[in-house]
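# Quick one, what's the 3D model for this:
(one chain, ligands or ions: 1)
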Amino acid sequence: MNPRLHFQDRVATITLQRPTVANRLAPDDLPVLIECIACVNQREDVRVLVLRSEGRHFCSGYDISQIENSQSEGSSFGEMVDVVEQCRAVTIAAIQGGVYGGATDLALACDFRVGSMAADMFMPAARLGLHFYASGLERYVSRLGLDTAKRLFLTCERLDAEQMKACGFLTHLVAHTELDETVASLAGTLGAMAPLPLSGMKKHLNLIACGRQDREAIARDVQRSVESEDLREGGLAWREKRTPLFKGR
Ligand SMILES: CC(C)(COP(=O)([O-])OP(=O)(O)OC[C@H]1O[C@@H](n2cnc3c(N)ncnc32)[C@H](O)[C@@H]1OP(=O)(O)O)[C@@H](O)C(=O)NCCC(=O)NCCSC(=O)C[C@@H](O)C[N+](C)(C)C
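The predicted model follows:
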């Protein structure tokens, strides 16, 4: 099955596993990815989702051999990326190599993008004759700013790992050999946080980034945390100088 979903402790991992075609995503892969996220959302014990892939490239985007159908399929690619962005768990993309086209939007929908020095990226939509969908354009501008979004979309320029970090595409840049360890360490850090504020603040920060903030909803989530067992546990653990044991309620 592509992709593969795996659970360990508080961490879910989705692995793209078509390395012979640079992990390109065909229309058939999109509902499978959406289903994987639905499975993750159902598991209350899962706090972190790692999106990784096998082989030299992270993902080469949409299947170019089916690009003419992308008008009808385009919305489902964007829909899949929106579903990833709205995942309840905090998401980390582990980018070991190339990330191209729609895959760059998929990575941007993740909360953290940890890249290796072997990573590179480009967005060839204009070169292919394709206008990118609205939610992807918005995500680029809200995450990277207007000038970088224009540079990437309009020139189709290739960026190396250091340029990806400099423009904010990568949140972390590490040696190739340290990628898995860095991702596991970040997943461990995030997995130890109180689940309610973790997923709540993730959701609201994303909404604020695209200008759709809801102050009343934030106030409700603040109140929910004030009344939570986890807040009492957090204070108690601090006083007792021990690691808190959060239950997500
Ligand atoms: C990834 C790559 C750098 C790898 O190079 P490599 O030298 O390591 O390997 P390769 O021999 O080029 O690739 C291995 C195989 O993988 C295939 N492949 C690689 N990426 C593909 C892709 N995206 N679609 C279809 N086949 C793809 C190659 O054609 C090839 O097939 P073959 O063995 O039958 O010749 C090189 O294949 C390449 O540039 N691929 C194209 C990348 C690219 O332009 N991606 C953007 C796709 S368009 C896109 O994503 C926009 C889309 O999101 C918009 N919308 C959602 C609205 C539809």
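
# center of the protein - which residue?
When C-alpha atoms, centre = their mean is applied to the chain, the residue found nearest the centroid is residue 110 (1.4 Å).

# least trustworthy helix or strand in the chain by mean pLDDT?
helix 70-85 (a mean of 81; mean pLDDT, DSSP states H and E).

# Count the neighbours of the closest residue to residue 78 other than its chain neighbours for me.
With sequence-adjacent residues excluded and distances taken as C-beta to C-beta, 6 or more residues apart in numbering, residue 78 is closest to residue 133, at 4.3 Å. C-beta: built from backbone N, CA, C; applies to glycine. By other C-beta atoms under 10 Å, 20 other residues sit near residue 133.

# unless I'm mixing things up, residue 133 is touching residue 80, no?
No: using C-beta atoms under 8 Å, residue 133 is not in contact with residue 80, being 11.2 Å away.

# now the helix or strand following the least confident helix or strand of the chain, how far from the centre of its chain.
Counting by DSSP states H and E, the next helix or strand C-terminal to helix 70-85 is strand 90-95. Strand 90-95 sits 5 Å away from the centroid of its parent chain (C-alpha atoms, centre = their mean, to the nearest Å).

# list the helices and strands strand 90-95 packs on?
strand 48-53, helix 102-108, strand 112-116, helix 179-191, helix 195-209 (3 or more C-beta pairs under 8 Å, 6 or more residues apart in numbering; DSSP states H and E).

# check whether the second one contacts the ligand.
Yes: using C-beta under 6 Å from any ligand atom, we find that helix 102-108 touches the ligand at residue 102.
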